[in-house]
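Visitor: Okay, here's the prediction I keep looking at, along with the sequence it came from:
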Amino acid sequence: MLKIIRILLFTVALYLYFLFIIKDPNTYSAVSKILLVTILLITMELIRSRSNKAFKQSSKLEVIDYMNQQKFVGYVAEMHKRLGYSINLPTDAEAPLCDIVLYKGRLKYYAKCYHSIEELENIELENLTKLYSNIKKAKVVFFTNANCTDQLRHRFAIYDIEIKDRTFFISSIDTIQALEDKTILHLNMAK
């Protein structure tokens with residue numbers, strides 16, 4: 001049903017575009033513009049569907065466990081984009097602080113990703129205080145794919161650093177799936 005709605009919307013968009021372009025006396029120009037827009041719309045839909053499929057495949061905890069650091073950072077960024085955050089790469093000045101910069105409304109988050117709990121446990125807290133001492137308008141969040149102990153959370157909470165662990169990933173994946181299901185439900189109810 002979702003595909004039928006998309007096809008109908010696509011057809012209506014083409015029809016409206018054709019109405020606006022038909023006023024152009026040059027028929028060849030109008031047809032070429034319509035074909036170009038059609039190709040672009042189809043390409044956008046294909047890219048979006050492949051992206052959704054790849055994200056769903058990557059959202060299994062077994063897959064996340066075996067991601068390398070770069071893929072893990074990319075996954076965290078994509079997950080937050082789907083949760084409504086704006087994502088930026090860090091500037092040169094922000095690069096030592098974080099892997100990605102997240103924005104939600106007026107809030108800014110410096111996100112640092114650690115794939116294993118050992119990486120978090122080996123961080124020297126003195127270096128953290130030097131590194132994050134000038135940050136006043138942003139929150140610092142560490143993401144890890146492992147389960148964190150309360151002791152480790154408390155250790156970083158002293159420095160106003162929040163840790164998001166495996167339970168966060170599980171709840172975020174469930175939230176994203178619920179949002180997709182809700183969107184499909186709304187499209188089904190619109191018929």
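Guide: Thanks, I have it.

Visitor: what's the spacing between residue 151 and residue 77?
Guide: Distance of residue 151 to residue 77, given as Cβ to Cβ, to the nearest Å: 29 Å. Every residue, glycine included, has its C-beta placed from N, CA and C.

Visitor: Check residue 69 too.
Guide: Distance of residue 69 to residue 77, computed by Cβ to Cβ: 13 Å.

Visitor: quick one on the thing from earlier: and residue 151 and residue 77? Which one has more around it.
Guide: Remark: of residue 151 and residue 77, residue 77 carries more neighbours, 20 against 7, as counted by other Cβ atoms under 10 Å.

Visitor: which stretches of the chain form strands?
Guide: 86-88, 100-104, 107-114, 138-144, 161-164 (DSSP state E).

Visitor: low pLDDT regions in this protein?
Guide: 1-3, 19-27, 30, 133, 183-191 (pLDDT under 70).

Visitor: Could you rerun that using 80?
Guide: In the prediction, the chain carries residues with pLDDT under 80 at positions 1-10, 12-34, 36-37, 120, 124-136, 180-191.

Visitor: any idea which helix is longest in it?
Guide: Counting by DSSP state H, the longest helix found in the chain is helix 27-58.
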